[in-house]
Each structure stands twice: as C-alpha cells, then as structure tokens.
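J.: would you be able to build a 3D model of this:
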Amino acid sequence: MKPTVLVLCLGNSCRSHMAEGILRAAAGDILEVQSAGLKPAGYVHPLAIKAMAEIGIDISQHRSKSMNEFLNQNIETVITVCRLADQVCPNYPGQAHHWHWPFEDPAQASGTEEETMRVFRRVRDEIKARFGTYAQERRNRGPG
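T.: Numbers count the residues shown, from 1 in each chain. From the prediction side, this is the model:
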C-alpha cells in the first residue's frame, strides 16, 4: 500500500489542488495523494484548472473536499499550503510528518483575467518547484 499525503489549505479550490495534481504526476506511483480544505469552497477554481492544463496536468475532475473526510484514514504526511490550515490542522491516524509550505492564494488576485492568470501561473510554478523537489526526495529515500 502506498503512503498517503494530504495537502491542506483553506478552501481547497486552488493551491491544494494544484499541489495534489503536481505531486500525483511526479510521484503517484509511490504515493497516494489527496487534497482538502478547512472550509471547502465547493468548486475547483477555473483558472487553477486552466493553469494546470498549460503544463499537461488535468485537475478538471477534482472536487473540493473537507479535511474532515480524512479524519479516519491513515495519513502518513500532511502538507499545509496556507497559514490558517497550518494553525488548525488536526493529527490524522498514522501521521508521521507535517510540513508547512505556504503559498500566496491566487484566488485573491485582482485585475484583468490575464493579470490574475499570471498570478495563478506564478503560484503554480512555485508549487511545482517545491512539490517536485519533495517527490524527488521521496524517491531517493525509498520505502519507509
């Protein structure tokens, strides 16, 4: 069985979905990857879907989930991508690691669609760099 990594943020509409998609693409063969939010927005932001499609990752079928859906599941690693999620993150059964890697919330960006899209791309690229490194570290570490 693959260890589960849960990526948490406030609304589970942007950052956590981008991180889930990137980590699943980079290490889905060795990790089970999920995402959730403290207060799920109820949708995945269309610009997050668009930004991810630009790098060949389809998150259009993701759904916004509550962190409570995972309270009875074995979660090896929790990664919080916003300050609030880090502050109120519960401990999950089997949890061995908790990492906090905050990223700007692109859903809060303002301006034209192109200006907002630039923020989504920048945050996506920051997430890709951090989670790509993490995936490589997990591969190098091996099982356990």
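
J.: what's the local residue count around the closest residue to Gly37 other than its chain neighbours?
T.: Spatial nearest neighbour of Gly37, excluding adjacent residues (CB to CB, 6 or more residues apart in numbering): Asn12 at 2.9 Å. To be clear about C-beta, it is placed using only N, CA and C from the backbone, and glycine gets the same treatment. Asn12 has 28 neighbours, counted by other CB atoms under 10 Å.

J.: contacting residues for Asn12?
T.: Asn12 is in contact with 35-37, 40-41, 64-66, counting by CB atoms under 8 Å, 6 or more residues apart in numbering.

J.: what is the nearest of the residues you listed to Gly21?
T.: Lowest distance from Gly21 to the contacts of Asn12 (CB to CB) belongs to Ser35, with 8.7 Å.

J.: tell me the secondary structure of the closest one, please.
T.: strand (DSSP: H, G, I helix; E, B strand; the rest coil).

J.: can you give me the end-to-end span of stretch 60-71?
T.: End-to-end distance for stretch 60-71, by CA to CA, to the nearest Å: 25 Å.

J.: for that stretch, buried residues please.
T.: By 16 or more other CB atoms under 10 Å, the buried positions in stretch 60-71 come out as 62, 64-65, 67, 70.

J.: could I get the full set of strands for the chain?
T.: 4-9, 32-37, 77-80, 97-100 (DSSP state E).

J.: measure how the first one sits relative to strand 32-37, angle-wise.
T.: On the basis of axes from the mean of the first three to the mean of the last three CA atoms, to 10 degrees, strand 4-9 is oriented at 20 degrees to strand 32-37.

J.: partner strands of strand 4-9, parallel or antiparallel?
T.: strand 32-37 (parallel), strand 77-80 (parallel) (DSSP bridges).

J.: what does the longest one contact?
T.: Right, strand 32-37. With CB under 8 Å, 6+ apart as the test, strand 32-37 has contacts from 2-13, 16-17, 19-20, 23-24, 27, 62, 64-67, 69-70, 85.
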